[in-house]
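Novice: here is the input, now give the coordinates:
(2 chains)
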Amino acid sequence: MATSRWALCLVGVAVVISAWQRLGLEGDLTVATVRSFVQLIAVGYVLAFIFRGHGRLTVLALAVMVGSASITTRNRAKRVPRSGMIAVAAIATATAAALGLLVALRIVPTSARALIPLGSMIISGAMNTASLVMTRLHDDLASNRREVEARLSLGKTAHDAALPWLRSAIRGGMLPSVDSTKVVGLVALPGAMTGLILAGVSPQSAVRVQLVVMYMLLGGAAFAALVAAQLTQRRLFTKSHQLIRSLRRVP
Amino acid sequence: MEPAEHHPTDHRTDHDQGHDPHGRVPGESPTRFEYRGVRIDGDHGPIVENLSAVVPKRGLTVIVGPSGAGKTTLLRLLNRLDDPDEGTVLFEGRDVRDYDVLELRRRVQSVGQVPVTFPGTVAHNVGEGAVALLARVGLDPKLADREADRLSVGEAQRMALARSLALSPDVLALDEPTSALDTENKAGIERLVRELADSGLTVVMVSHDPHHADLADHVIKVHPLKKEEQ
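Specialist: Here you go, the predicted structure:
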């Protein structure tokens, strides 16, 4: 706790810089600091409780995380109909598939201590991927309405008519994960590895864990992008292979 | 004549079905499409209300009217890129919604105002039989190997027509096909549209140019709803 207190000095520095440069961020900095303090202390107690013999709550904890992430994605992709349901499906599938594979291949144990932190990383990555894919596919279909409808007019299905933009939305959603995997260790030491090294684990062991985390995040992003893109595409067309009204009447 | 006498909503529809240049096959229904009590809503209320009109099987039907009268949407109802908010559109006597929509769209080909080219060559865009189809729409067959996005607007419009004809449709639905063209290209496309209609295809063309009514065998005139006159 003493170390956290001294770390607060750095928030003080940020507040002073904000006031000195008239950035107007003092309020936000204070709110962010208080919120992070309260949230993380609470999470610390919850995790300690689950780790102390209440492992059956792991699924519930992960479900709450998926729910919170889905609300964020829904708010970012508001223009997509039923965006909340799409977000839940994409993030939950990504989490279940990536964690499930790690457990099935015996790469990680089935303990709450392993599943909750790893799950939270997948959920966070899948949330960003799903948001990117959903907003990009919506915006691309809106701005390429003529091309989409020219394809529909030639008798193509909604899926085939949207395919070029579906592919680029999936690519766009996965690229941040691919890029961060490419430069890992060169630009910044990733979070899991940093934490382990700070906790006294040898760098080699930390690297092994980090590799699992990176590949898990890549897999999670791929699942999230695929599910989000397919479901979003279905919501942006009617059953009669028409663009939905809000996209049809774009000037 | 007061518009209100025509129609309580001031939405007039005139038909000139006086001549049928190709004659009719005995026993064949002369009607390709029928709009029956169609209402189309815009962002601020109806733009078309209670419209009834017929598109005959033979010849060129032109839907003329000013901007904002709902002409383009009326055309989009034919291949179900849009559906009416009320009323029905019949194709060969059956509600368009009763057809498999993909099959309907293959039979009722539409070409938009601004030609759309897909990535790849002209031949790739048009598909099988590209050379003959290019010749049919008045394009040099040598263009088949050119990248489609390097065509002029006039050439691209003809290519879009060839791409539609490749599906052997019963109907061509054209949305202001000459609006993006210069005078010379415009006359060329008008001649081509007339030839296609004369070859037995049902051609429906939307235009804000009143001169296009002179090209037509049948005319559907639409007017914007004028609520201030009520």
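
Novice: so what's residue 136 up against?
Specialist: Defaulting to chain A. Counting by CB atoms under 8 Å, 6 or more residues apart in numbering or on different chains, A:R136 makes contact with A:168-169, A:172-173. Just so you know, the C-beta spots here come from the backbone N, C-alpha and C atoms, and that holds for glycine as well.

Novice: you answered for a different chain; I wanted chain B.
Specialist: B:162, B:165 are the contacts of B:R136 under CB under 8 Å, 6+ apart.

Novice: likewise for A:T129?
Specialist: A:T129 neighbours (CB under 8 Å, 6+ apart): A:90, A:94, A:173-174, A:176-177, A:220-221, A:224-225, A:228.

Novice: one more time with 10 Å
Specialist: Shown in contact with A:T129 (CB atoms under 10 Å, 6 or more residues apart in numbering or on different chains): A:73, A:90-91, A:94, A:170, A:172-177, A:217, A:220-229.

Novice: same check on A:N144?
Specialist: Per CB under 10 Å, 6+ apart, neighbours of A:N144: A:150-151, A:162, A:164-165, B:116.

Novice: now the residue nearest the centre of chain B. Its backbone dihedrals?
Specialist: Geometric centre of chain B, nearest residue: B:A173, 2.6 Å, by CA atoms, centre = their mean. Here is the backbone geometry of B:A173 (degrees, to the nearest 10): phi -110, psi 110.

Novice: so what pLDDT did it get?
Specialist: On the pLDDT scale, B:A173 is placed at 97.

Novice: same check on A:V212?
Specialist: As predicted, A:V212 sits at a pLDDT of 88.

Novice: same check, this time on B:T13
Specialist: pLDDT, B:T13: 45.

Novice: in the helix or strand where A:A142 lies, what's buried?
Specialist: Per DSSP states H and E, A:A142 falls inside helix A:112-143. Within helix A:112-143, the residues scored as buried using 16 or more other CB atoms under 10 Å in any protein chain shown are A:112, A:114-116, A:118-138, A:140-142.

Novice: tell me if stretch B:140-151 is near chain A.
Specialist: No: shown here: stretch B:140-151 not in contact with chain A (CB under 10 Å from any CB of the partner chain), separated by at least 11.8 Å.

Novice: now do stretch B:46-58
Specialist: No: shown here: stretch B:46-58 not in contact with chain A (CB under 10 Å from any CB), separated by at least 10.8 Å.

Novice: same thing with stretch B:79-87?
Specialist: Yes: using CB under 10 Å from any CB, stretch B:79-87 reaches chain A at B:79-83.

Novice: and chain A, which residues reach chain B?
Specialist: Contact residues, chain A versus chain B (CB under 10 Å from any CB): A:144, A:146-158, A:160, A:164, A:238-243, A:245, A:248-249.

Novice: and those residues, which of them are in helices?
Specialist: Of the residues of chain A next to chain B, the ones assigned to helices by DSSP state H are A:146-153, A:158, A:160, A:164, A:245, A:248.

Novice: out of those residues, which is nearest to chain B?
Specialist: Of all these, A:A150 has the smallest distance to chain B: 3.8 Å, by CB to the nearest CB.

Novice: which non-adjacent residue is nearest the closest one?
Specialist: Spatial nearest neighbour of A:A150, excluding adjacent residues (CB to CB, 6 or more residues apart in numbering or on different chains): B:V116 at 3.8 Å.

Novice: give me the buried positions along the lengthiest helix in chain B.
Specialist: Assignment by DSSP H gives helix B:183-198 as the longest helix of chain B. For helix B:183-198, a neighbour-count test (16+ other CB under 10 Å) marks B:185-186, B:188-190, B:192-194, B:196-197 as buried.

Novice: now do stretch B:61-71
Specialist: B:61-65, B:69-71.

Novice: below-threshold pLDDT in the chain: ranges please.
Specialist: As the question left the chain open, I've gone with chain A. A:1-3, A:249-251 (pLDDT under 70).

Novice: oops, wrong one, chain B.
Specialist: B:1-28, B:226-230.

Novice: mind listing the strands for chain B?
Specialist: Remark: strands assigned in chain B by DSSP state E are B:31-42, B:45-56, B:60-64, B:86-91, B:94-95, B:108-111, B:171-175, B:202-207, B:218-221.

Novice: contacts for the fourth one?
Specialist: Meaning strand B:86-91. Contact partners of strand B:86-91, identified using CB under 10 Å, 6+ apart, comprise B:31-41, B:46, B:48-52, B:54-55, B:74, B:77-80, B:82-83, B:94-99, B:104, B:107-108, B:170-171.

Novice: just the helices in chain A please.
Specialist: Using DSSP H, helices in chain A cover A:2-20, A:26-51, A:58-76, A:83-104, A:112-143, A:145-153, A:158-182, A:191-198, A:203-235, A:245-248.

Novice: any idea which of those helices gets closest to B:A180?
Specialist: With respect to B:A180, and counting by CB to CB, the nearest of these is helix A:145-153 at 12.0 Å.

Novice: quick check: angle from that closest one to strand B:171-175?
Specialist: Computed by axes from the mean of the first three to the mean of the last three CA atoms, to 10 degrees, the angle separating helix A:145-153 from strand B:171-175 equals 170 degrees.

Novice: near chain A, which residues of chain B show up?
Specialist: So chain B meets chain A at B:41-43, B:73, B:76, B:79-83, B:96-97, B:100-119, B:127, B:160, B:163-164, B:166-167, B:169, B:173 (CB under 10 Å from any CB).

Novice: switch the cut-off to 6 Å
Specialist: Applying CB under 6 Å from any CB of the partner chain, we find that chain B lies next to chain A at B:80-81, B:101-102, B:105-106, B:110, B:116.

Novice: looking at these, which has the most residues close by?
Specialist: Tallying neighbours with other CB atoms under 10 Å in any protein chain shown puts B:S110 at the head of the residues of chain B next to chain A, with 25 neighbours.

Novice: re the thing from before, what's the longest helix of chain B packed up against?
Specialist: Helix B:183-198 sits against no helix or strand, with contacts defined as 3 or more CB pairs under 6 Å, 6 or more residues apart in numbering or on different chains; DSSP states H and E.

Novice: show me the contact partners of that helix.
Specialist: B:59-60, B:138, B:154, B:177-178, B:203, B:215 (CB atoms under 6 Å, 6 or more residues apart in numbering or on different chains).

Novice: skipping adjacent residues, who's closest to A:S111 in space?
Specialist: A:G55 (6.5 Å).

Novice: touching, that neighbour and A:R113? I think so.
Specialist: No: with contact defined as CB atoms under 6 Å, A:G55 does not count as touching A:R113 (8.6 Å).

Novice: who touches stretch A:195-212?
Specialist: A:107, A:190, A:192-193.

Novice: what about 8 Å?
Specialist: A:102, A:107-108, A:184, A:189-190, A:192-193.

Novice: stretch A:112-122 now?
Specialist: Taking CB under 8 Å, 6+ apart as the rule, stretch A:112-122 contacts A:47, A:50-51, A:54-55, A:57-58, A:61-62, A:65, A:94-95, A:98-99, A:102-103, A:108, A:192, A:213, A:216-217, A:220.

Novice: try 7 Å this time
Specialist: With CB atoms under 7 Å, 6 or more residues apart in numbering or on different chains as the test, stretch A:112-122 has contacts from A:47, A:50-51, A:55, A:58, A:61-62, A:65, A:94-95, A:98-99, A:102, A:108, A:213, A:216-217, A:220.

Novice: the residue in the stretch 151-251 of chain A positioned nearest to chain B: neighbouring residues, count only.
Specialist: Sorted by distance to chain B under CB to the nearest CB, the residues of the stretch 151-251 of chain A start with A:G155, at 4.0 Å. Using other CB under 10 Å, A:G155 has 22 other residues around it.
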